[in-house]
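1. sequence unknown, structure follows:
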């Protein structure tokens, strides 16, 4: 609904605070983004997913984790949870919060991305964990950069976020 409201600023023409949002994605495009496997042909998508998979395999071997055969329930839960996180969190953080921060903090993309990444990491903070959510901050910064790089569109960020989570959740359930 935020992006639809932005269209009213575009139609007014003068003093459009969201002139940088030039591409509109429909809700259907955003909801089907996790199924756009053609994004895997882009280095901006493939590289972080391969990096994550490599790191998880490395740390599993270093820590001597034993892998078990995944169940259908594990796969269903991992993909469903990841789909919801990828679509909803990207809509909230990169689709609404980052453009809003960009409008109020100035035209420096790094500033709005940094502020949004801090909030993204804080939303993933677990007081019972022994460490700060710095991986979530880094991932939020990358997803923010990716959205800005792709002219403020969200589909590729949604794809990366969803499949990043699928790999992370599936791996954590299987070790």
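-> Sure thing, it's come through. If you're wondering where the values come from, they're calculated on a predicted model, not measured in any experiment.
2. do you know how far the nearest residue to residue 94 once chain neighbours are set aside is from residue 128?
-> Leaving aside its sequence neighbours, residue 94 sits nearest to residue 147 (Cβ to Cβ, 6 or more residues apart in numbering; 4.4 Å). Just so you know, the C-beta spots here come from the backbone N, C-alpha and C atoms, and that holds for glycine as well. The spacing between residue 147 and residue 128, counted by Cβ to Cβ, to the nearest Å, is 31 Å.
3. quick one, which of these two is more surrounded?
-> residue 147 (25 against 4; other Cβ atoms under 10 Å).
4. Which SSE is immediately downstream of whichever strand or helix holds the more buried one?
-> Residue 147 belongs to helix 134-149 when assigned by DSSP states H and E. With elements assigned by DSSP H and E, the helix or strand that comes after helix 134-149 is helix 155-174.
5. quick one: contacts of that following helix?
-> Identification of contacts with helix 155-174 by Cβ atoms under 8 Å, 6 or more residues apart in numbering yields 25, 29-30, 33-34, 36, 39, 42, 44-45, 48-49, 52-53, 56, 60, 67-68, 70, 74-75, 77-79, 81-83, 85-87, 89-90, 94, 139, 142-144, 146-147, 150.
6. quick check, distance from that helix to the centre of its chain.
-> Helix 155-174 sits 9 Å away from the centroid of its parent chain (Cα atoms, centre = their mean, to the nearest Å).
7. same check, this time on stretch 116-133
-> That offset, for stretch 116-133, works out to 15 Å (Cα atoms, centre = their mean).
8. got the residue ranges for the helices in the chain?
-> Taking DSSP state H, the helices of the chain run over residues 2-12, 27-32, 43-62, 72-90, 98-105, 109-123, 134-149, 155-174.
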